[in-house]
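[1] Sharing a model that was predicted from the sequence below.
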Amino acid sequence: MTPNEKEIIKKKFGATIQQLRKSKQLTLRQVAAACQLDNSKIAKIEDGKFNVSLSTIIELSRGLNVRPSSLLNELTNEQE
């Protein structure tokens, strides 16, 4: 995987998080509190500027009340 492909994936993942957060009418602070993460970290994830770990994906899924796999579906569907 090229560095450019990695950047594209981070941006797509961030867009998925942001779209889901907005569809649930949640603020960055609300999601951050529910995930027990700093709201600046959530903002960086949404901007595609942070490479998330598995534990962060799980925390995000808990905070957004979705399955972890749903956060990755957008990425895997396009790769198939």
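    The structure has been received and is ready for your questions.
[2] now this protein, which segments are flagged as low pLDDT?
    77-80 (pLDDT under 70).
[3] continuing past the longest helix along the chain, what's the next helix or strand?
    When the chain is parsed with DSSP state H, its longest helix is helix 3-23. Sequence order places helix 28-35 as the next helix or strand after helix 3-23, per DSSP states H and E.
[4] What is the distance between that following helix and the centre of its chain?
    Relative to its chain's centre, helix 28-35 lies at 12 Å (C-alpha atoms, centre = their mean, to the nearest Å).
[5] Please find the angle between the direction vectors of that helix and helix 3-23.
    100 degrees (axes from the mean of the first three to the mean of the last three C-alpha atoms, to 10 degrees).
[6] what packs against helix 28-35?
    helix 39-46, helix 54-64 (3 or more C-beta pairs under 8 Å, 6 or more residues apart in numbering; DSSP states H and E). Placement of C-beta: from N, CA and C, glycine included.
[7] Give me the residues contacting the first one.
    The one in question is helix 39-46. 13-15, 17-18, 21, 28-29, 31-32, 35, 50, 52, 56, 60 (C-beta atoms under 8 Å, 6 or more residues apart in numbering).
[8] Counting neighbours, what do you get for A33?
    14 (other C-beta atoms under 10 Å).
[9] From I9, how far off is it?
    27 Å (C-beta to C-beta, to the nearest Å).
[10] can you check T2 too?
    11 Å.
[11] the more surrounded of these two?
    For T2 and I9, the more surrounded residue by other C-beta under 10 Å is I9, and the numbers stand at 18 against 7.
[12] Test my guess that that one contacts E74.
    No - in this structure I9 lies outside contact range of E74 using C-beta atoms under 8 Å: 10.0 Å.
[13] Could you count how many residues lie near I42?
    I42 has 26 nearby residues by other C-beta under 10 Å.
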